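Trainee: Can you look at this prediction? I've put the sequence above it.
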Amino acid sequence: QSVAAIVFGDGSESRLYPLTKRRSEGAIPMAANYRLIDAVVSNCINSNINKIYALTQFNSTSLNAHLSKAYTGVSLGKEGFVEVIAAYQSPDHQGWFQGSADAMRRCMWVLEEYPVTEFLVLPGHHLYQMDYQKLIEAHRNSKADISISAISAVRNHSSGLGLIRLNSEGQVIEFNVNLETKPINESSHNIACGYSSSMGIYLINRDIMAKLLNEYYPDANDFGSEVIPGAVSMGMKVQAYLFDGYWEEMRSIEAFYTANMECIKTSTNGYNFYDRDSPVYTTPRYLPPTLISDAVITDSVIGHGCILNRCKIKGSIVGTRTRIGDRVTVEDSIIMGSDTYQQYVQSNGGDRKCLDIPIGIGEDTLVRKAIIDKNARIGSNVLIINKDDVQEGEREANGYIISGGIVVVLQGAVIPDGSIL
């Protein structure tokens with residue numbers, strides 16, 4: 001009751017393009033029925049944090065709509081809410097949010113509406129399961145000004161979340177955000193020296209946040225790369241909370257693909273969507289059950305309201321309202337589904353390709369190790385197999401790209417009959 005969460009659902013620099021061409025990272029579909037931001041908001045709800053602010057700006061239409069629909073009916077208590085604060089202009093601020101720190105500074109008049117003692121700042125597109133109450137307890141027991149959630153193993157990536165060095169009491173004594181100039185390797189030397197990787201999760205006392213944003217760093221735009229390192233250099237008590245569970249920050253298309261594939265394994269170290277004690281909340285869709293007609297499905301996850309004809313699906317994620325035709329084979333792929341059902345569309349003089357190929361996957365098509373974004377129209381006799389084993393390929397004009405050897409078909413793309421990708 002005394003902690004409010006601030007969730008950032010987007011960023012202008014995404015590593016998940018083209019999945020973020022028309023949506024923010026937090027709104028990307030995940031594991032057939034969910035969006036990425038659902039994991040973070042569900043962590044809050046399951047940790048009894050019932051005041052949740054979602055600050056959005058970049059490509060935020062889909063995310064704003066999802067948050068408004070998904071959490072309206074969730075039981076959050078008398079004063080609980082999930083409130084979307086979209087970027088805005090005012091007489092005092094003519095521009096858009098310049099970063100996370102700027103967004104919080106400009107929204108302080110809303111954030112301070114309730115007498116909370118701490119703010120929990122969260123990225124909205126990471127996938128992990130955490131009981132924030134343990135973080136809060138550790139923060140208060142250590143009497144810290146700020147607590148940073150971190151993983152003890154130093155990961156070899158350039159996420160921009162920062163590398164922190166701790167003393168023997170777990171206090172942060174160095175915060176390095178310029179990862180390009182400081183090589184990061186998962187080695188015993190780095191761990192022995194007290195290095196950890198920041199998860200971009202910050203618990204900060206209310207009065208400290210107000211002072212940092214308004215007095216000490218009034219011109220800072222980014223919270224993680226400017227304000228937090230500044231607090232460390234000022235000598236504030238910044239404590240680390242080491243997290244040893246599964247955490248994926250979705251640093252690439254390949255990481256997103258792998259996180260989805262781990263969802264279909266019966267025994268996995270990945271994210272557990274089936275934990276009864278920590279349910280994942282999302283939009284109630286009121287869709288009919290999936291219709292399966294003589295299909296062979298193995299080791300896969302199927303969303304609501306799909307229409308699956310005489311097809312073979314193996315090791316794949318099939319999202320809501322997906323239509324798959326006869327003699328289609330889908331292997332090791334993510335099919336994100338569609339926003340509507342469509343079988344026949346009358347011609348009105350427009351693009352015949354769009355009108356002749358309905359949303360879904362046409363007959364006699366093979367899809368292997370691919371991500372098919374929402375509302376894509378895949379024709380008949382199509383091969384989506386990365387035939388030439390290309391690792392990186394820019395074919396956006398043709399409706400797809402290749403990233404890390406994974407074919408990604410764009411949202412709403414049209415792949416004509418007989419195409420080979």
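Mentor: Nice, thanks for sending it over.
Trainee: pLDDT below threshold where in the stretch 251-400 of the chain?
Mentor: Within the stretch 251-400 of the chain, the ranges that satisfy pLDDT under 70 run 267-268, 343-355.
Trainee: Repeat the analysis, applying 80 as the threshold.
Mentor: Along the stretch 251-400 of the chain, segments meeting pLDDT under 80 span 266-269, 342-355.
Trainee: Quick one: the strands in the stretch 101-250 of the chain, in order.
Mentor: 118-123, 127-128, 146-151, 163-166, 172-176, 195-205, 238-243, 247-248 (DSSP state E, counting those that start in this stretch).
Trainee: which stretch among these comes nearest Gly412?
Mentor: Shortest distance between Gly412 and those, using CB to CB, is found for strand 127-128: 25.0 Å. From N, CA and C alone the C-beta is placed, and that goes for glycine too.
Trainee: could you say what helices and strands the closest one packs with?
Mentor: On a contact count with 3 or more CB pairs under 8 Å, 6 or more residues apart in numbering; DSSP states H and E, strand 127-128 meets helix 36-46, strand 247-248.
Trainee: comparing the ones you listed, which gets the lowest mean pLDDT score?
Mentor: Mean pLDDT per stretch puts strand 247-248 lowest among these, at a mean of 90.
Trainee: circling back: got the strands of the stretch 101-250 of the chain as TSV, with distance to Val74 columns?
Mentor: Output for the strands of the stretch 101-250 of the chain, formatted as TSV (distance: least, CB to CB, whole Å):
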stretch	distance to Val74
strand 118-123	17
strand 127-128	20
strand 146-151	24
strand 163-166	34
strand 172-176	34
strand 195-205	22
strand 238-243	25
strand 247-248	24
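Trainee: Using CSV, lay out the ones you listed together with mean neighbour count and distance to Ser100.
Mentor: Shown next, in CSV, are the strands of the stretch 101-250 of the chain (neighbours: other CB atoms under 10 Å; distance: least, CB to CB, whole Å):
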stretch, mean neighbour count, distance to Ser100
strand 118-123, 25, 7
strand 127-128, 21, 19
strand 146-151, 24, 14
strand 163-166, 21, 18
strand 172-176, 18, 15
strand 195-205, 24, 9
strand 238-243, 21, 17
strand 247-248, 18, 19
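Trainee: so where's the stretch 51-200 of the chain shaky on pLDDT?
Mentor: In the stretch 51-200 of the chain, residues with pLDDT under 80: 72-79, 87-97, 152-161, 177-194.
Trainee: Apply 70 and report the result again.
Mentor: Along the stretch 51-200 of the chain, segments meeting pLDDT under 70 span 73, 75, 89-90, 93-94, 153-160, 178-194.
Trainee: hey, where'd the helices end up in it?
Mentor: 61-70, 100-106, 108-111, 132-141, 188-192 (DSSP state H, counting those that start in this stretch).
Trainee: The ones you listed: which one's closest to Glu215?
Mentor: Across the helices of the stretch 51-200 of the chain, Glu215 has its closest neighbour in helix 100-106 (10.9 Å, CB to CB).
Trainee: For that closest one, C-alpha coordinates in PDB please.
Mentor: Only the C-alpha atoms of helix 100-106 are listed here, as PDB (Å, rounded to 0.1, in the frame of the first residue of the first chain):
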ATOM      1  CA  SER A 100      12.600   8.400 -18.200                       C
ATOM      2  CA  ALA A 101      13.800  11.100 -15.800                       C
ATOM      3  CA  ASP A 102      12.200  13.900 -17.700                       C
ATOM      4  CA  ALA A 103       8.900  11.900 -17.900                       C
ATOM      5  CA  MET A 104       8.900  11.300 -14.100                       C
ATOM      6  CA  ARG A 105       9.800  14.900 -13.400                       C
ATOM      7  CA  ARG A 106       7.000  16.200 -15.500                       C
END
